[in-house]
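[1] give me coordinates for this.
(chains A and B)
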Amino acid sequence: MSESALVPGRRPRHWGESPPWNFLRRLWGNHLAVTGFSLVFLVFLAAILAGVLSSYDPLTMVVSDRMKSPSMTHLMGTDNFGRDIFSRVLHGARLSLEVGAAVMLLTVGAGILFGLVSGYSPRLDGPVMRVMDAMMAFPAILFGIAIMAVLGPKTVNVVIALSVVYAPRTVRIVRASVLATKQLDYVEAVRAQAAGHLRILFRHILPNCLSPLVVQATFNFAYAVLAEASLSFVGAGAPPPTPSWGNILSEGRIYMQNAPWITIFPGVAIALTVMGLNLAGDGLRDILDPRMKT
Amino acid sequence: MTMYILRRVFGVVPVLILVALGSFLLVHLVPGDPAMVMLGSDATPQQIQALRTQMGLDSSLPEQFLIWMRQALRGDLGESFFLGRPVTQALLERLPATMQLAMLSLFFSLLIGAPAGILASVRQNSRWDQLVMITAMGGISIPSFWLGLFLILVFSVNPGWLQNGGYVPIWEEFGPGLRVLILPAISLGFMQAALIARMTRSSMLEVLRQDYVRTAKAKGLGWWSVTLRHALKNAMIPVITTIGTAFGVLLGGAVIVEIVFTYPGLGRLVVLAVQRRDYPLVQGALLLTSVIYVAVNLAVDLLYSVFDPRIKYE
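    Numbers count the residues shown, from 1 in each chain, chains lettered A, B, ... in the order given. Have a look, this model is predicted:
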């Protein structure tokens, strides 16, 4: 028998009233979140099905097909090497989403670890936050370029560079939540029961920090997609011939007057993905943290 | 007040030391010998040793850092490998162009973002609000370099109304300087304008719901007076605090926009330095921009305490 059924006067809770179900219902009712997640889902689907959706290899050069405008054969036209832009944009989505997701996971991991430590331990708070302040002082793109310059142009290095750049913001957000939560009565009660620090942190404080963390994670994903495109655009991203939205744009910019499709489509892909993530983030914020509503 | 200023000024010292340490360690992240990587596989052992000595790589790491810090405090950031001249000189030569671009972008983003946010908040849920919010959503999603490419195509290449490329100091020749700067400033500042509009709107909405605003309305003050004199003053406080951060973002973002517009600023120099593996120049640029960021944020914090007296008592 469930616990709620034993409490006099309380109805047994229906599964439809459970917190995850309730959250999903509120998510479904939020237009921003639905639009955002739908856009992101479509981009994910396009990236996964890249090989199925386009029969062209993104790297194969066909000299006779150079700079063909969009048609039924080449939906988004071809570039100066005769490569199919549609196929390159779809494969570029894979790289952008991989980098975005990896940066999101790493920044969330760093945010939880350093944010919890900094917010909970007054002794470690100062040193950890000074390091975060220093990391935030490095302009994101410039720092990314500098890291890529020393570590070399590899996708994994793009992830490292962007995670270092965007982690401090996440750490600050988790720390602020921890500072607010650790003063609440229920934490005091748990402490009075002689609970260990790790138990207090992970069982009792962390769940209260998840709302702002989830919202920030979505924005970190968006920043990372945008920053990866920027780094690839200046040649400090994933090395060619790997197609990325940034390097397709960079290669196409000198042909903008004669073949604008080379720059239009990857740009639209970046904008739609980032917009989807931002809308999803805004929607999640409205649901999880209504005080921050825009 | 004096205590607050002193606390804030001394508070940035550890951050500056850590920024310097981060910039210094950057060269040491290079896999292998930085001198060998910089000179390439054709270099002779003598050339490698000469560069190692020039860069001070022979001493221990803490010793190298102390020497580097001492020199940096004197304004000596080493020798640029590919330019063959002092890093500080090369950076300071390009800095005014980038600062000019970042400042004009900031001005543009405040000029557009703040009024748009105010309009959206006072006409909440109207068509104006929707227009501002949709444009702002576009603004935070469109990459600056992509916007820049289209601005060049629309305003510079075909009609030739605005000049693309080059640099004219705006304080020397205002008209020609603005003709060169306006497109890069718009593409760089558009995203910040969108962020400022969103922030101003949400901040205004929160303030407009407060009791003192209702009191001001109840005692018969006009709409302009309530909105602009009473609500706006408080609503702009969180917006002002983000100016420092926005300036940092613009300084970093300028790198990309400078490439698009072939604008001879710090960013283009850094990208060239990266291509030539000129680590002292990359290191110097990173240190300089970070120090500017810290200084601007400190200035904003101090100004902020003047505008909002509650801050200095915290």
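[2] just the helices in the chain please.
    Just going to use chain A. A:3-6, A:19-28, A:31-48, A:50-53, A:85-120, A:122-137, A:140-151, A:155-181, A:185-192, A:197-199, A:206-233, A:245-252, A:261-288 (DSSP state H).
[3] if you could check chain B rather than the one you did, that'd help
    Counting by DSSP H, the helices of chain B are B:2-28, B:34-39, B:45-55, B:61-73, B:87-122, B:127-141, B:144-151, B:174-208, B:211-218, B:223-224, B:232-260, B:266-275, B:279-307.
[4] centre of the chain to the shortest one, how far?
    Centroid displacement of helix B:223-224 relative to its chain, using Cα atoms, centre = their mean, to the nearest Å, is 35 Å.
[5] give me the number of residues near the closest residue to chain A within the stretch 151-300 of chain B?
    With Cβ to the nearest Cβ as the measure, B:Gly252 is the residue of the stretch 151-300 of chain B nearest to chain A, at 2.5 Å. Just so you know, the C-beta spots here come from the backbone N, C-alpha and C atoms, and that holds for glycine as well. Residues lying near B:Gly252 (other Cβ atoms under 10 Å in any protein chain shown) number 25.
[6] thinking again about what came up before, want to try JSON lines for the helices of chain B, with mean pLDDT as columns?
    Below are the helices of chain B laid out as JSON lines (pLDDT from 0 to 100):
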{"stretch": "helix B:2-28", "mean pLDDT": "88"}
{"stretch": "helix B:34-39", "mean pLDDT": "76"}
{"stretch": "helix B:45-55", "mean pLDDT": "79"}
{"stretch": "helix B:61-73", "mean pLDDT": "89"}
{"stretch": "helix B:87-122", "mean pLDDT": "93"}
{"stretch": "helix B:127-141", "mean pLDDT": "93"}
{"stretch": "helix B:144-151", "mean pLDDT": "92"}
{"stretch": "helix B:174-208", "mean pLDDT": "90"}
{"stretch": "helix B:211-218", "mean pLDDT": "90"}
{"stretch": "helix B:223-224", "mean pLDDT": "84"}
{"stretch": "helix B:232-260", "mean pLDDT": "85"}
{"stretch": "helix B:266-275", "mean pLDDT": "86"}
{"stretch": "helix B:279-307", "mean pLDDT": "86"}
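[7] what about B:Arg214, how many neighbours?
    Neighbours of B:Arg214 (other Cβ under 10 Å): 12.
[8] just B:Thr135 next, same as before
    For B:Thr135, the neighbour count with other Cβ under 10 Å is 16.
[9] show the contacting residues for it.
    Contact analysis of B:Thr135 by Cβ atoms under 8 Å, 6 or more residues apart in numbering or on different chains lists B:116, B:194, B:197.
[10] try it again at 10 Å.
    B:112, B:116, B:120, B:190, B:193-194, B:197 (Cβ atoms under 10 Å, 6 or more residues apart in numbering or on different chains).
[11] most widely separated two among those?
    B:Ala120 and B:Phe190 (16.6 Å; Cβ to Cβ).
[12] A:Pro139 contacts B:Ile256, correct?
    No: at 11.0 Å, A:Pro139 does not count as touching B:Ile256 under the criterion of Cβ atoms under 10 Å.
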